[in-house]
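K.L.:
sharing a model prediction with you, sequence too.
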Amino acid sequence: MERSHVERDCGSWPDRRTFNVLTPNVRTSMSLPFRPKQSLGQNFLQDPNMAEKIVGTLGAPSDAHVVEVGAGTGVLTERLAQRVETLTAIEID
């Protein structure tokens with residue numbers, strides 16, 4: 001099973017933590033333990049091809065610091081992490 005390493009900044013927490021993001025092929029075969037909250041306007045991107053198209057339109061240089069608000073399940077996060085030097089992904093859940 002392929003995994004991508006992503007570092008997560010835990011804000012005011014006393015330590016830094018890391019987590020693994022499953023690749024899209026594995027992710028789509030899993031059922032998620034949560035559902036998008038309509039009250040928050042959540043829609044989770046699942047199509048890796050669409051994520052690739054979205055990231056392909058990003059005009060930021062590879063040494064940019066990108067902030068992703070609403071990282072969801074990480075489909076877009078994984079693609080962004082491959083293209084930019086620093087990525088901060090924020091998810092309310």
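P.N.:
It's in.
K.L.:
restrict stretch 80-89 to CA atoms and write it as CSV.
P.N.:
Taking C-alpha atoms only, stretch 80-89 is exported to CSV below (Å, rounded to 0.1, in the frame of the first residue of the first chain):
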residue,chain,number,x,y,z
LEU,A,80,-0.4,20.0,-3.8
ALA,A,81,2.3,18.5,-1.6
GLN,A,82,3.9,17.0,-4.7
ARG,A,83,4.1,20.4,-6.4
VAL,A,84,5.0,23.0,-3.7
GLU,A,85,7.7,23.2,-1.1
THR,A,86,5.5,24.1,1.8
LEU,A,87,1.8,23.2,2.3
THR,A,88,-0.5,24.1,5.2
ALA,A,89,-3.7,22.1,5.0
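K.L.:
give the buried residues for that stretch.
P.N.:
Buried positions in stretch 80-89, judged by neighbour count with 16 or more other C-beta atoms under 10 Å: 80-81, 84, 87, 89. Glycine gets a C-beta too; all of them are placed from N, C-alpha and C.
K.L.:
okay, and which of those map to helices?
P.N.:
When the buried residues of stretch 80-89 are checked against helices (DSSP state H), the matches are 80-81.
K.L.:
determine which two of the buried residues of stretch 80-89 are furthest apart.
P.N.:
Spanning the widest gap among the buried residues of stretch 80-89 are 84 and 89, at 11.3 Å by C-beta to C-beta.
K.L.:
redo the buried residues of stretch 80-89 as TSV? Include distance to residue 49 and pLDDT.
P.N.:
As requested, those are exported to TSV (distance: C-beta to C-beta, whole Å; pLDDT from 0 to 100):
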residue	distance to residue 49	pLDDT
80	15	92
81	18	92
84	20	91
87	20	92
89	20	90
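K.L.:
which SS state does the closest residue to residue 73 other than its chain neighbours fall under?
P.N.:
In this structure, residue 73 finds its nearest non-sequential neighbour in residue 44, 5.1 Å apart by C-beta to C-beta, 6 or more residues apart in numbering. Of the three states, residue 44 takes coil under DSSP: H, G, I helix; E, B strand; the rest coil.
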